[in-house]
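Trainee: here is my input; please provide its structure:
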Amino acid sequence: MIGFWQPATPWAFRTATPGGLFWAELNAWHGALADRIFANLFGYRQEQIRDGVDPDYTTWSRGGQMMLDRLQMNEDWAAPETRAHWMLHFAVDPQTGPTRRSIGCWSWAAGWTLIPTTAGGAGSGGVAEPCGARFALIDPTARIVSASDLAAGSARVDDPYDD
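Mentor: Numbers count the residues shown, from 1 in each chain. This is a model prediction of the structure:
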């Protein structure tokens, strides 16, 4: 379930300010279908991140601005009965926290729990607060590697044949 809102004045969806909403990610079992639906509904353009298999992860943008992303769930990390859902990512300062380590130090006493994550990899980690709401913490200074960053000839790839 999602809601739609049209702000009266222009509004930035995300902010890198610690504690601010930085990113929203749709976790869905049928990634390609979600891509088509949101492309048709909002005109989002998708870009596949990494190899498109492990994980199947796309970013959604419009007008050259990255807006959201979509991660296809698989049984390696999601129970079969898990429904499609949005995972909100809140920015944290990597120097002052909170971090996965600092949350782990006080999680059991306060009722917080860590959620194992294999997605993103860009300095993110999931947590569940005492009432059960789940969200992620992310270091906005970490970068997700695009499939084009790993192309032959890219400075990010050590290609022995491009010398």
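Trainee: check contacts around the closest residue to Thr82 other than its chain neighbours.
Mentor: Nearest residue to Thr82 in three dimensions, chain neighbours excluded: Met73, at 6.4 Å (CB to CB, 6 or more residues apart in numbering). To be clear about C-beta, it is placed using only N, CA and C from the backbone, and glycine gets the same treatment. By CB atoms under 8 Å, 6 or more residues apart in numbering, Met73 lies in contact with 27-29, 82, 84.
Trainee: how about the residues you listed, which pair is most distant?
Mentor: Ala28 and Thr82 (10.1 Å; CB to CB).
Trainee: compare these two and say which one has the larger neighbour count.
Mentor: Ala28 (20 against 12; other CB atoms under 10 Å).
Trainee: surely the more buried one touches Asp35?
Mentor: No: assessed by CB atoms under 8 Å, Ala28 is found out of contact with Asp35, at 9.3 Å.
Trainee: distance of Gln46 from Arg36?
Mentor: Here Gln46 is placed at a distance of 9 Å from Arg36 (CB to CB, to the nearest Å).
Trainee: neighbour-wise, which of those two wins?
Mentor: Relative neighbour count places Gln46 above the other of Gln46 and Arg36, with 18 against 12, counting by other CB under 10 Å.
Trainee: residue boundaries of the strands in the chain?
Mentor: 21-28, 45-49, 57-62, 65-72, 85-91, 113-115, 124-128, 134-138 (DSSP state E).
Trainee: and the last one, which residues are buried?
Mentor: The reference is to strand 134-138. Applying a neighbour-count criterion of 16 or more other CB atoms under 10 Å, one finds 135-138 buried in strand 134-138.
Trainee: nearest to Met67, of the residues you listed?
Mentor: Closest to Met67, out of all of the buried residues of strand 134-138 and judged by CB to CB, is Ile138, at 15.6 Å.
Trainee: what's the pLDDT at the closest one?
Mentor: For Ile138, the model assigns a pLDDT of 77.
Trainee: understood, closing this out.
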